[in-house]
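In: any chance you can model this:
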Amino acid sequence: IPCFNEQDYLPATINDLPRRLDGVDEIYWLVINDGSLDNTASIAINAGVDGVVSHTHHLGLARAFQTGLEASLWLGADIIVNTDADNQYNADDIQKLIDPIINHNADYVVGVRPISDIEHFSPTKKKLQKIGSRIVSGLGKNTIEDTTSGFRAMNRKTALRLNIFNDYTYTLETLIQSGQLKLCTVSVPIRVNAKTRSSRLISSTFDYLKRSSTTIIRSFLIYNPLKFFITGGPIAMVFAL
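Out: Residues are numbered from 1 along each chain as shown. Alright, predicted model coming up:
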């Protein structure tokens, strides 16, 4: 669970986490404290987590996610599940996330929220969500209907191969990367809980679009540079002529 100043919401999130799952021998609750200025770390420990890894200062969600992968691998995890600290996702659906991995039907699993039924999502946000998911799915060569969902599970092989380059968010980049790496990526429908707070990742629609577009372009440039420059080169030559 990546956390930044989540002392008010973390106890409820931790309280809902399972201690037993079918097909799993051992469960380890790990919190990544991303330089919080409140009592997030101590509250996580008091709430019963097994471990806390703390950044000395705030590095952002993408870096906290990467730290979580590295720490989980160091701990010997075979399956890694990521969820948000604000208790947005229904923890009872973790079993649905990991079943495709346990059954060897997937490497990377994304929980798809019922976007059209979420009341606090505006019509504009719902439409942009669909458009963005189609673009990212096309670049990632998969069919994920909710590419910004942070409720995810992956096997050890996937965690070893993913690398996060941007500082904003891991959601889009890892899906594009999983497609380029030919990792089997699937989605499952999941439930959400009532809204607890406003998103800290999205300050405005325009800012989110700008940051997401930059992430998508940069990811495509990194993972498929030949196609990127072969496509862009002739266009630049036409304008130059």
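In: I'd like the distance between W29 and Y170.
Out: Taking CB to CB, to the nearest Å as the measure, W29 falls 20 Å from Y170. The way it works is simple: take the backbone N, C-alpha and C, and place the C-beta from them, glycine included.
In: burial of D86, as a residue count?
Out: By other CB atoms under 10 Å, 22 other residues sit near D86.
In: I'd like to know how far it sits from P2.
Out: On the measure of CB to CB, D86 and P2 end up 11 Å apart.
In: for the chain, where's the lowest mean pLDDT among helices and strands?
Out: The helix or strand of the chain with the poorest confidence is helix 123-140; it has a mean of 67 (mean pLDDT, DSSP states H and E).
In: who does the helix or strand just after that one pair up with?
Out: Next helix or strand after helix 123-140 toward the C-terminus (DSSP states H and E): strand 152-155. The strands beside strand 152-155 in its sheet (DSSP bridges) come out as strand 79-82 (antiparallel), strand 108-112 (antiparallel).
In: just checking, next helix/strand downstream of strand 152-155?
Out: Per DSSP H and E, the first helix or strand lying C-terminal to strand 152-155 is helix 156-161.
In: check which helices and strands that next one sits against.
Out: Contact analysis of helix 156-161 by 3 or more CB pairs under 8 Å, 6 or more residues apart in numbering; DSSP states H and E lists helix 61-74, strand 79-82 as its packing neighbours.
In: and the pLDDT for N82?
Out: As predicted, N82 sits at a pLDDT of 97.
In: partners of it in the sheet?
Out: Counting by DSSP bridges, N82 is bridged to R152.
In: surely it meets F65?
Out: Yes. The pair N82 and F65 qualifies as a contact (CB atoms under 8 Å) at a distance of 6.6 Å.
In: any shared contact partners between the two?
Out: Counting by CB atoms under 8 Å, 6 or more residues apart in numbering, the contacts common to N82 and F65 are P2.
In: did I read that right, S212 in a strand?
Out: No. Using DSSP: H, G, I helix; E, B strand; the rest coil, the assignment for S212 is helix, not a strand.
In: separation between it and T148?
Out: 8 Å.
In: can you check S36 too?
Out: The gap separating S36 from T148 is 23 Å, by CB to CB.
In: what of I135?
Out: Taking CB to CB, one finds I135 at 12 Å from T148.
In: G51 too?
Out: Using CB to CB, one gets 27 Å for the distance from G51 to T148.
In: the two: who's more crowded?
Out: For G51 versus T148, neighbours defined as other CB under 10 Å are more numerous around T148 (21 against 14).
In: that one contacts Y170, doesn't it?
Out: No. Counting by CB under 8 Å, T148 does not reach Y170; the two are 10.5 Å apart.
In: shared neighbours of the two, which are they?
Out: Common neighbours of T148 and Y170 (CB under 8 Å, 6+ apart) do not exist.
In: from I164, how far off is L175?
Out: 12 Å.
In: neighbour count winner among the two?
Out: Per other CB under 10 Å, whichever of L175 and I164 has more neighbours is L175, with 27 against 20.
In: helix, strand or coil: sort out the more buried one for me.
Out: helix.
In: and the nearest residue to V192 once chain neighbours are set aside, what does it touch?
Out: Sequence neighbours aside, R113 is the residue nearest to V192 in space, at 5.4 Å (criterion: CB to CB, 6 or more residues apart in numbering). Residues in contact with R113 (CB under 8 Å, 6+ apart) are Y89, D146, S149, F151, I190, V192.
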